[in-house]
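> quick one, structure for this:
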Amino acid sequence: MPDEQLVRSYRRGDQQAFSQLVGRYQQELYRFLVRFVRDRAAAEDVFQDTFLQVHVSIDTFQTSRRFKPWLFTIAANKARDYLRRSKRRAATQLSSPVQPGSDEDRQFLDLLEANLPLPDDETVQQETADLVRAVVDGLPEHLREILLLAYFHQFSYKQVAEVLHIPLGTVKSRLHAAVGTFAQRWKQKLEQSN
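Numbering: from 1, shown residues only. Here you go, the predicted model:
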């Protein structure tokens, strides 16, 4: 059943239709949010906020349009709100010393150690994926969101423009800049890892 039909069913009181929408986008939207906000716990919160907003605003959705761009627009806006709020709060880096100024070298990260067996060596493919993720995560927000939507989630330029509320020409120029910045940082990352 198409998304838009599920929306119509939910409006008529079919609770299962909403559950199907959540299930249909659970993995894809969550992955988008993890990459956007760079924090799994925050991505879960933003995911829940997104579907809460979908529930509250479902009557404003025009079923003549596609649901997925509307959903990702809400998610991107919720993610931006989260990032703005989190920038206001001072965060302690995990690499910060537990007792600054003392002779002890322990960091907050040391407090999180667990006695778990170490995983086997990662494959080259996993290492490459991690490098790509690190480069994408290091991009400025406006470039990262363009790459995530256009490349990782394969939205059309028009859909990206709708999600981000920017003109089509801006999508193209920003995507060009994002790809160029990614390529430059990718090269630097490879040089650092060798």
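> name the single longest helix found in the protein.
Secondary structure of the chain per DSSP state H: the longest helix is helix 168-193.
> just the buried positions in that helix, please.
When neighbours are counted by 16 or more other C-beta atoms under 10 Å, the buried residues of helix 168-193 are found to be 171, 174-175, 178, 181-182. The way it works is simple: take the backbone N, C-alpha and C, and place the C-beta from them, glycine included.
> and if you look at stretch 142-156?
Judged by neighbour count (16+ other C-beta under 10 Å), stretch 142-156 contains these buried residues: 143-150, 153, 155.
> show me how far that stretch is from its chain's centre.
Its chain's average C-alpha position is 10 Å from that of stretch 142-156, according to C-alpha atoms, centre = their mean, to the nearest Å.
> extract the C-alpha set from it and format it as CSV.
This file holds the C-alpha atoms of stretch 142-156, laid out as CSV (Å, rounded to 0.1, in the frame of the first residue of the first chain):
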residue,chain,number,x,y,z
HIS,A,142,24.5,22.4,5.3
LEU,A,143,26.8,20.3,3.2
ARG,A,144,26.3,17.1,5.2
GLU,A,145,22.5,17.3,4.9
ILE,A,146,22.7,17.7,1.1
LEU,A,147,25.0,14.7,0.8
LEU,A,148,22.9,12.6,3.1
LEU,A,149,19.7,13.3,1.2
ALA,A,150,21.0,13.2,-2.4
TYR,A,151,23.5,10.4,-2.2
PHE,A,152,22.7,8.2,0.8
HIS,A,153,18.9,8.5,0.6
GLN,A,154,18.8,9.1,-3.2
PHE,A,155,16.3,12.0,-3.1
SER,A,156,15.9,13.8,-6.4
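> contacts for it next, please.
Outside of stretch 142-156, the residues that reach it under the criterion C-beta atoms under 8 Å, 6 or more residues apart in numbering are 28, 31-32, 35-36, 69, 72, 76, 136-137, 139, 157, 159-160, 163-164, 171, 174-175, 177-179, 181-182.
> low-confidence ranges, this protein, go.
Low-confidence segments of the chain, defined by pLDDT under 70, span residues 88-125, 194.
> domains in it, by residue range?
Structural domains annotated on the chain: 3-88, 123-193, as defined by automatic domain parsing.
> quick one: the buried residues of stretch 142-156 as JSON lines, columns for secondary structure and distance to residue 129 too.
Below are those laid out as JSON lines (DSSP: H, G, I helix; E, B strand; the rest coil; distance: C-beta to C-beta, whole Å):
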{"residue": "143", "secondary structure": "helix", "distance to residue 129": "19"}
{"residue": "144", "secondary structure": "helix", "distance to residue 129": "16"}
{"residue": "145", "secondary structure": "helix", "distance to residue 129": "20"}
{"residue": "146", "secondary structure": "helix", "distance to residue 129": "20"}
{"residue": "147", "secondary structure": "helix", "distance to residue 129": "15"}
{"residue": "148", "secondary structure": "helix", "distance to residue 129": "15"}
{"residue": "149", "secondary structure": "helix", "distance to residue 129": "19"}
{"residue": "150", "secondary structure": "helix", "distance to residue 129": "18"}
{"residue": "153", "secondary structure": "coil", "distance to residue 129": "16"}
{"residue": "155", "secondary structure": "coil", "distance to residue 129": "21"}
